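A.B. asks: Pasted the sequence and its predicted model underneath.
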Amino acid sequence: MAAKKASETFSKALVDEVQRWGEKKQTGVSLRYMMEFGAKPTHKNLLISSQFLHKELPIRIARRAIELESLPFGLSHKPAVLKVRDWYLDSFRDLRSFPEIKDSSDELAFTQMIKMIKVRHNNVVPAMALGVQQLKKDLNPKVATKDLQEIHQFLDRFYMSRIGIRMLIGQHVALHDPDPEPGVIGQINTKMSPMLVARNASEDARSICLREYGSAPEISIYGDPSFTFPYVPSHLHLMVFELVKNSLRAVQERFMNSDKDAPPIRIIVADGIEDVTIKISDEGGGIRRSGLPKIFTYLYSTAKNPLDEDLGVVDGVTMAGYGYGLPISRLYARYFGGDLQIISMEGYGTDAYLHLSRLGDSQEPLP
């Protein structure tokens, strides 16, 4: 089946409108703004929020849809990528055909619609991973890494934008919770304990390791259990889970057939004035220096590939994946002004430093 251009599947009017909206300026928001605005989710505030999203989301979605049409190496024509592009165009159309939001019943209907959009895009990451993989199969192995740089930069922009879109939708939807926990504003917990989130994420990663290998190294967590700061717990959980999972796999595979006990993974939570830093240290043998630049690319995973051609398999979390854990975790850290660094000692182990900005003032990085 020949790949269809958007102009063949969707009306010319829609494609033109996507172009028009893609040229508009995006408006970033900060964590602090989301907190202050969401602290009193009155009807008026929810109305303002939905009117903002009604304008903002089509701009962000149009920009991604346009980029999906013109990727290098024919990536745009891979079936999985076409599927993603269609999701973006469908969502753009849904948003643009929604009438002006004037009162609370409009606002509730709009909230239901963007909830559906968020669900429609649930599998974007595995679908894009599959597209990149379909591309890798066809590419001449001699294609230089710097040529692939373009794809890498596109994916960074694409996933960063996706984090922002999901955060805005998730935040708006969560403000409708009739009975939020104390200190919780939408998806933000103003009194989040990084120790607690790190513990939960570690236990989740450890149970996967147990399931996959039959045993798992211990994990020790150090820090002040009473320390809290405002952050999005689901983002932190995702990052720590990913980093701990990598460490568990490295240690497990290094000590599996050894008569020595596997050394524990150590997590240290430090609370600085500007940053909260979480360090995850393992003695899993480290990464070769020549391999370090590759760990943040989307075209690289040391693990065997869990992605089948069928997208249905992706819901089960596997121990090692399509090489997306690290680059996407770094984007989550950067989204609110933090960062992720990996320092390795080959022959010994790896330290991951997750820096989270605690000022809450940094604007979303808008690709």
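C.D. replies: Perfect, I can see it now.

A.B. asks: what stretches of the chain score poorly on pLDDT?
C.D. replies: For the chain, the stretches flagged by pLDDT under 70 are 1-9, 141-147, 300-323.

A.B. asks: sec struct for Leu108, please.
C.D. replies: Assigned with DSSP: H, G, I helix; E, B strand; the rest coil, Leu108 falls in the helix class.

A.B. asks: burial count for it?
C.D. replies: The tally of other residues near Leu108 (other C-beta atoms under 10 Å) stands at 14. Bear in mind the C-beta positions are built from the backbone N, C-alpha and C, glycine included.

A.B. asks: Now do the closest residue to Ser76 other than its chain neighbours against Ala62, distance only.
C.D. replies: Nearest non-adjacent residue to Ser76, counting by C-beta to C-beta, 6 or more residues apart in numbering: Glu69, 5.7 Å away. Distance of Glu69 to Ala62, given as C-beta to C-beta, to the nearest Å: 11 Å.

A.B. asks: Between those two, which is the more surrounded one?
C.D. replies: Between Glu69 and Ala62, Ala62 has the larger neighbour count (other C-beta under 10 Å), namely 24 against 17.

A.B. asks: Tell me which residues touch the more buried one, please.
C.D. replies: Residues near Ala62 by C-beta atoms under 8 Å, 6 or more residues apart in numbering: Glu17, Val18, Gln19, Arg20, Trp21, Gly22, Lys24, Phe92.

A.B. asks: ok, back up a step: touching, the residue nearest to Ser76 and Arg85? I think so.
C.D. replies: Yes: Glu69 is within contact range of Arg85, at 6.8 Å (criterion: C-beta atoms under 8 Å).

A.B. asks: Phi, psi for the residue nearest to Ser76 please.
C.D. replies: phi -80, psi -20 (degrees, to the nearest 10).

A.B. asks: that's a strand at Pro230, yeah?
C.D. replies: Yes: checked against three-state DSSP, Pro230 lies within a strand.

A.B. asks: Ile273 versus the residue nearest to it when sequence neighbours are not counted, what's the distance?
C.D. replies: Ranked by C-beta to C-beta, 6+ apart and with sequence neighbours excluded, the top spatial neighbour of Pro230 is Thr190, at 4.5 Å. In this view, Thr190 and Ile273 are 18 Å apart by C-beta to C-beta.

A.B. asks: And these two? Which one has more around it.
C.D. replies: Set side by side, Thr190 and Ile273 show more neighbours around Thr190, with 15 against 6, by other C-beta under 10 Å.

A.B. asks: Let me know the secondary structure of that one.
C.D. replies: Following three-state DSSP, Thr190 is assigned to strand.

A.B. asks: Leu354 too?
C.D. replies: Secondary structure state of Leu354, per three-state DSSP, is strand.

A.B. asks: Next, the contact list for the residue nearest to it when sequence neighbours are not counted, please.
C.D. replies: Excluding the flanking residues, the one nearest Leu354 by C-beta to C-beta, 6+ apart is Ile278, at 4.4 Å. Counting by C-beta under 8 Å, 6+ apart, Ile278 makes contact with Pro194, Ala198, Val240, Ile267, Ile268, Val269, Ala270, Tyr353, Leu354, Leu356.

A.B. asks: In the sheet, which strands lie alongside the helix or strand harbouring Ile278, parallel or antiparallel?
C.D. replies: Using DSSP states H and E, Ile278 maps to strand 275-282. Partner strands for strand 275-282, per DSSP bridges, with pairing direction: strand 265-271 (antiparallel), strand 349-357 (antiparallel).

A.B. asks: next SSE after it?
C.D. replies: Sequence order places helix 325-335 as the next helix or strand after strand 275-282, per DSSP H and E.

A.B. asks: Packing partners of that following helix?
C.D. replies: For helix 325-335, the elements it packs on are helix 145-174, helix 233-255, strand 339-345, strand 349-357, judged by 3 or more C-beta pairs under 8 Å, 6 or more residues apart in numbering; DSSP states H and E.

A.B. asks: Which among those is found nearest to Phe98?
C.D. replies: The closest of the helices and strands packed on helix 325-335 to Phe98 is helix 145-174. By C-beta to C-beta, the value is 13.5 Å.

A.B. asks: From the structure, what's the count of residues near the residue lying closest to Thr297 once chain neighbours are set aside?
C.D. replies: Nearest non-adjacent residue to Thr297, counting by C-beta to C-beta, 6+ apart: His152, 5.4 Å away. As a burial measure, His152 scores 18 neighbours (other C-beta under 10 Å).

A.B. asks: Next, work out how far apart His152 and Tyr88 are.
C.D. replies: Taking C-beta to C-beta, one finds His152 at 20 Å from Tyr88.

A.B. asks: The helix or strand where Leu53 lies relative to helix 145-174, how many degrees between them?
C.D. replies: Leu53 is part of helix 43-69, with elements assigned from DSSP H and E. Helix 43-69 and helix 145-174 are oriented at 160 degrees to each other (axes from the mean of the first three to the mean of the last three C-alpha atoms, to 10 degrees).

A.B. asks: Counting neighbours, what do you get for the nearest residue to His176 once chain neighbours are set aside?
C.D. replies: In space, and not counting its chain neighbours, His176 is closest to Thr111: 6.2 Å by C-beta to C-beta, 6+ apart. Counted by other C-beta under 10 Å, the residues lying close to Thr111 total 20.

A.B. asks: just the strands in the stretch 1-150 of the chain please.
C.D. replies: Per DSSP state E, counting those that start in this stretch, the stretch 1-150 of the chain carries no strands over any range.

A.B. asks: got the residue ranges for the helices in it?
C.D. replies: Secondary structure of the stretch 1-150 of the chain (DSSP state H, counting those that start in this stretch): helices located at 6-9, 12-22, 31-38, 43-69, 79-96, 104-120, 124-138, 145-174.
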